[in-house]
Every structure is written in structure tokens, then in C-alpha cells.
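# this one's sequence-less:
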């Protein structure tokens, strides 16, 4: 089991573990293949700003997000220098649609594929759309008129939070726009033991206490911190690659569960025989670790030993060992 180390010890491990750390899951790309310019022409809204919502799937491309998560990157194949805004769009049913979130306005430098970063929440089944602010500003793919539908057109452009009806249905073109979605994965904290305490997360989401599970986009680094209640002691983590009593740092790559154990403290206070034995054990452990460090020559091994030494020191400090 990999030991989670303190903040000071973590720095010593970063270089040594960088090459062996598991890669974050790849994001899911939804939308058109922006590089496929077969049978395309320049499109836009000659009469003013509009929003185009892609509806039909093209080969090997999803138009709807398959998961809840966060849009991290989006792209347009611009026909000229122009301003664009990405929208996340929900189909309400009954012919109405709502823009649930939108990026800031981004301006391309000229013709070609432009890439922008963002952080927009998206739910499973929601679409992406694009605001167009002029004629002939984006490359679109010709689509046959009539079914299957290819896009809805909203004039003027949509407003976040307002249910709207498209002015034109089944637009016979498909704007070359797509986005990368980092799918959200559940992180769950389970509290165990005879004691009481809370666990909080950074980024926010878990406050356990009351909220012991939250979703985070794949690739997110989440730090869990435990705080024992009065009369209790936090004794350590298990699961999710965590151990020890320092902060638990997790790189989200799939559903993860972590257990935080709290023990009831001795009600009489003072140093108990059990605590003395723990302190004695940790002091001996620290001496052994220092001897191993003095004998180690390989950089990765030294980094691991230094991290373990720092963790042992923190545990001695937490137990108030003299």
C-alpha cells in the first residue's frame, strides 16, 4: 500500500515518482471533427448574432456528452478572425432548449483551427453549441436538407438560464466545433472507528460530516484532510492509495473510496501506556530510517526514505512524543 506523506515529504517524491505515476484518463471529445473540411463552406449569421446547436451525430463523433463532468477545452475551425462563445445546452423536451452555461467570448486570430480552454459543467446528454456573430465566420459541413436533423438556430443568440425555442429547425449545415469533456468520477469517504471527526476536501465537495461523497472530473487532484473531534484521535487512512495520518492526496482516475478512522481518546487524559509504546516504536522506527538513508545511494530510494522519515516525524509530533 502506498503511504500518503506530509506536504514537506511530498515534494521529495515528486521527481522520483513522476515517470511511474498513472496517467489521467483521456477526456471524451464531443462534436464535429474540426479538421474534416470535406464538403464544407463558410457559414454564420448575416442578420446578427445567433446560436447554432448541433444535433446529429457525424461518424465517430458524439454530439452529446456521455457523462457528467467538465468541459476543459473547445475548438472551432474559423473561416476568418471572429468572436465565438461556447454554450452548454439542455434539451428540455417540448421543443425548448436552455443554455445552462457558457464560456467567455474568445476571438480567433484568423482562418484555421483555434483552441480555447475553459471549465464549464456539463451533464450527461447535454449538447454543445456555438455563438456566431457574423456571416462567413466559421467553417460548416454541408448536410442534406430534411431528416436527420443537423442543427437548431437561435436568433439572437441564447441567454443562459432562459428556455428558448429555435427560430429555424434542421439547419442544413454542421458547424465545425468540438469540446473535450473530463468525466466526473465519485470520491467517497467512509468514517470508521470508535471516535468522531470530520473530513473535508480541496477542491470543495466533501464535508463529512454531512456530505461524504462528491464527483470530480478525471485528472483532478483532491486533498482530503481529517480533523478529530474533542475526545477523539484520528488514527489514519486506508483505501485510495492512502495511509498514515497526513493529508490524503488522490489523483482522480475512477470511482474511489477512502476510509478515515477515528479512535476515542482516553478520558482520563495524560500519557497512557499505549501512547508511550507508540512513541517508543516510532522513535526506533525513525532511527532505523535514518540509518537506511545514510546507507542509500540511489536517488529514488533516498527520496522514498526521506518521505517516510518526514511522515514518522509528523506522527511523533501528533502524539506529542517528547
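Arrived safely. Only a predicted model underlies this, so the values are computations on that prediction, with no experimental measurement involved.

# flag the shaky bits of the chain, pLDDT-wise.
The chain contains residues with pLDDT under 70 at 1-25, 57-61, 144-149, 266-275, 321-322.

# list the buried residues of the longest helix anywhere in it.
Across the chain, the longest stretch assigned as helix under DSSP state H is helix 273-295. Going by neighbour count (16 or more other CB atoms under 10 Å), the buried part of helix 273-295 is 275, 279, 282, 286, 289. Just so you know, the C-beta spots here come from the backbone N, C-alpha and C atoms, and that holds for glycine as well.

# the residue lying closest to residue 163 once chain neighbours are set aside: neighbour count?
Sequence neighbours aside, residue 96 is the residue nearest to residue 163 in space, at 4.4 Å (criterion: CB to CB, 6 or more residues apart in numbering). Residue 96: 13 surrounding residues under other CB atoms under 10 Å.

# how about residue 172?
The local packing of residue 172 (other CB under 10 Å) involves 16 other residues.

# is it in contact with residue 143, as I believe?
Yes - contact status for residue 172 versus residue 143: in contact at 5.2 Å, counting by CB atoms under 8 Å.

# now do the shared contacts for these two.
residue 150 (CB atoms under 8 Å, 6 or more residues apart in numbering).

# so how many other residues sit close to residue 212?
17.

# that one contacts residue 191, correct?
Yes - at 7.4 Å, residue 212 and residue 191 qualify as touching, with contact defined as CB under 8 Å.

# now the common contact residues for the two.
By CB under 8 Å, 6+ apart, residue 212 and residue 191 have these common neighbours: residue 199.

# state which strand of the chain is the longest.
strand 177-192 (DSSP state E).

# what's in contact with the following helix or strand past that strand?
Downstream of strand 177-192, the next assigned helix or strand under DSSP states H and E is strand 197-202. Under the contact criterion CB under 8 Å, 6+ apart, strand 197-202 has outside partners 187, 189, 191, 206-209, 212, 214, 222-229, 232, 234, 260, 262.

# what residues sit buried inside the longest strand of the chain?
Residues of strand 177-192 classed as buried by neighbour count (16+ other CB under 10 Å): 177-185, 187-189, 191.

# so what strands line up beside that strand?
strand 28-31 (antiparallel), strand 69-78 (antiparallel), strand 213-217 (antiparallel), strand 256-264 (parallel) (DSSP bridges).

# and residue 124, backbone torsions?
Per-residue torsions, residue 124: phi -60, psi 130 (degrees, to the nearest 10).

# could you give me the PyMOL syntax to select whichever of the contacts of strand 197-202 are buried?
Entered in PyMOL, the line below selects the buried ones among these, by 16+ other CB under 10 Å:
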select buried, resi 187+189+191+206+208+212+214+222+224+226+228+232+234+260+262
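
# hmm, back to that, now do the longest helix of the chain: which elements does it pack against?
helix 299-318 (3 or more CB pairs under 8 Å, 6 or more residues apart in numbering; DSSP states H and E).

# against which helices or strands is the helix it packs on packed?
Judged by 3+ CB pairs under 8 Å, 6+ apart, helix 299-318 is in contact with helix 7-17, helix 273-295.

# break the protein into its domains for me.
7-24+183-318, 33-175 (automatic domain parsing).

# most tightly packed of the ones you listed?
domain 33-175 (a mean of 18; mean count of other CB atoms under 10 Å).

# what's the end-to-end length of that domain?
For domain 33-175, the first-to-last residue distance is 10 Å (CA to CA, to the nearest Å).

# next: stretch 126-142.
23 Å.

# next one: it to chain centre, how far?
Relative to its parent chain, stretch 126-142 has a centroid offset of 27 Å by CA atoms, centre = their mean, to the nearest Å.

# could you do stretch 240-256 as well?
Going by CA atoms, centre = their mean, the spacing between the C-alpha centre of stretch 240-256 and its chain's C-alpha centre is 15 Å.
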